[in-house]
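In: This is a predicted model, with the sequence first.
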Amino acid sequence: MAIFRELRSTWSRTRILASRSYGVLKRDRFLMAFPALTLASVAVICVVTWAAVWIATGGLNTATVDDPGTWAAEPMLWIGLLVSVLLSTFVSVFFTAALTYGAWESLQGGTPTFDGCMAAAKARLHVIVPWAILAGLVGFVFELLYRLPMFLRHMEQAGRQIPVIGQFAALGALIVAWVLERIWYFVTFLVVPVLVVEETGPAASCKRSFGLFRKTWGKSLIAQVGFELISFLLFLPGLVLMLAAVVVGVWLGNLVALVLGVLVGVAWLLTVIVAMSAIVGIFKMALYLYATTGEVPDEFEGSDLENAFTNKAARKAERKARKAQGKVQMRPRQDSNLQPAG
């Protein structure tokens, strides 16, 4: 039962933290523009990059069977993948830095503006670009590990014999990639706030983020799951609407209802993605401020931010200390109560 109480308490804190972050976003709604710009930029980058690869290779793409006739053009696939990952990572870090600066200014009592946030991100290109290159290369390695089973399947389709150990290696690569990606995510959890506030290089920023993560790590996994659960719950109306539109459109043959329902559903999903990205960015900035200064931002007062990522051992030690202090404080009162009786 204790574990259920703990989960319920963590879920309650996560909802409160999300609500406080949304309060900041509600006051500075333009912050949602930065995740939206990230999505739009990444979409354009992917379309342009892979269109260029398709043209340069005469129709070659990642689904093409790996036969000897395509070996000469295959490097374009790797180049296209690397370019798209690096550029997508850069625009993501850049606009996230702009969002983070806006959250920082807002939590410090200022009045952020869109132009001010963009100017602040541009002023930090000297730390954003190196970090984007490092993060992009790491992301490229993850992409290769995730695509390894597909490469092996293509080789099998081309008539190449793949040993059993190779198939197990492909499965192992997927597992390793998933685990390493989760570790990388939490190690770099606060990198962007570090880049924005401290303006350090990629190695120093990663080390600093990892140090802050170790300092406040305890509930990070559960809290992150909490944010993802909130996103999923917000996704449901859009998913239900799209499913209903498909059912109505196919069953009744109403093409207008089908198209309209799908468009509204997609718009809802994109809105949730943009809003939750902004909320998480604001929360990370608040957590960074607390981790570095020990002070809870005014917008998060009463939200139990100090316990949001506190590890279980630390909280247990704190409870023991409070209990011991309570016993010490009780003794004088007991002695004073017994004194008159003597």
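Out: It's in.

In: mind listing what A36 touches?
Out: Going by C-beta atoms under 8 Å, 6 or more residues apart in numbering, A36 touches L270, V274. Any C-beta I mention is one placed from the backbone N, CA and C, and that applies to glycine too.

In: rerun that using 6 Å as the cut-off
Out: Residues near A36 by C-beta atoms under 6 Å, 6 or more residues apart in numbering: V274.

In: element containing it, please.
Out: In this structure, A36 is located in helix 33-56 according to DSSP states H and E.

In: can you pull the buried residues of that helix?
Out: Residues 33-39, 41-42, 45, 49-50, 53 are the ones in helix 33-56 that count as buried (16 or more other C-beta atoms under 10 Å).

In: And for stretch 206-214?
Out: Applying 16+ other C-beta under 10 Å to stretch 206-214 flags C206, R208, S209, F210, L212, F213 as buried.

In: which one of these sits closest to V259?
Out: S209 (44.4 Å; C-beta to C-beta).

In: Remind me which helix or strand the closest one belongs to.
Out: Using DSSP H and E, the element containing S209 is helix 202-215.

In: Now do that helix, average pLDDT.
Out: Averaged over helix 202-215, pLDDT sits at 86.

In: Centre of the chain to it, how far?
Out: 16 Å (C-alpha atoms, centre = their mean, to the nearest Å).

In: following it, which helix or strand comes up?
Out: helix 220-252.

In: which helices and strands sit right next to that following helix?
Out: Helix 220-252 sits against helix 2-27, helix 255-293, with contacts defined as 3 or more C-beta pairs under 6 Å, 6 or more residues apart in numbering; DSSP states H and E.

In: ranking those by burial, who's on top?
Out: With neighbours taken as mean count of other C-beta atoms under 10 Å, the helices and strands packed on helix 220-252 reach their highest mean count in helix 255-293, at a mean of 19.

In: Quick one: mean pLDDT over it.
Out: Here the average pLDDT along helix 255-293 is 90.

In: now the angle between helix 202-215 and that helix, please.
Out: On the basis of axes from the mean of the first three to the mean of the last three C-alpha atoms, to 10 degrees, helix 255-293 is oriented at 80 degrees to helix 202-215.

In: one step back: now that we have the buried residues of helix 33-56, can you turn them into TSV and tack on distance to T111?
Out: Formatted as TSV, those follow (distance: C-beta to C-beta, whole Å):
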residue	distance to T111
A33	16
F34	17
P35	21
A36	21
L37	21
T38	23
L39	26
S41	26
V42	29
I45	32
T49	38
W50	41
V53	45
